[in-house]
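Visitor: only the shape, not the letters, is given here:
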């Protein structure tokens, strides 16, 4: 089985929409979280094919620690964010790819293709 696609977002509607779109596009190995701690625990054991990370989560959490871990092990990730200014991110994350919300399904398909991820996994 291929490595999973990981979604981290505090908005259940956003998670459901992404999961549905990815499944409709033929991707079956999808893991989703709405909190940082379980997502971090997951990525320390299983590297995703690609992590789609909302920058700001509920209760003041962020996805920065997850992103820093993924960066340290060379695993791909993209920030999905409604934030216009990402200057508050850790300096080690400067230059990280981000996609502004709302985004199109074509944008997600392009991200997957750019990372060599094709349907069936």
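Guide: Looks like it came in fine. Model, not experiment: these values are computed from the prediction.
Visitor: now the helix-or-strand element of the chain with minimal mean pLDDT: how far from the chain's centre is it?
Guide: Least confident helix or strand, the chain: strand 98-100 with a mean of 85, by mean pLDDT, DSSP states H and E. Here the centre of strand 98-100 is set off from its chain's centre by 11 Å, with C-alpha atoms, centre = their mean, to the nearest Å.
Visitor: so which elements touch that strand?
Guide: strand 77-81 (3 or more C-beta pairs under 8 Å, 6 or more residues apart in numbering; DSSP states H and E). C-beta here means a position set from N, CA and C on the backbone, and glycine is covered the same way.
Visitor: tell me the average confidence for the strand it packs on?
Guide: Average pLDDT, strand 77-81: 90.
Visitor: check stretch 19-30 too.
Guide: Rounded mean pLDDT across stretch 19-30 is 95.
Visitor: for stretch 112-120, same thing?
Guide: 88.
Visitor: and the contacts of that stretch?
Guide: Contact with stretch 112-120 is made by 2, 5, 25-28, 49-50, 76, as judged by C-beta atoms under 8 Å, 6 or more residues apart in numbering.
Visitor: buried stuff in it?
Guide: By neighbour count on 16 or more other C-beta atoms under 10 Å, the buried set for stretch 112-120 is 112, 117.
Visitor: now it, how far from the chain's geometric center?
Guide: Counting by C-alpha atoms, centre = their mean, stretch 112-120 is centred 14 Å from the centre of its parent chain.
Visitor: any idea which residue is closest to the centre of the chain?
Guide: Among the residues of the chain, the one closest to the centroid is residue 52, at 1.1 Å (C-alpha atoms, centre = their mean).
Visitor: and that one, that's in a strand?
Guide: Yes. Note on residue 52: a strand contains this position according to DSSP: H, G, I helix; E, B strand; the rest coil.
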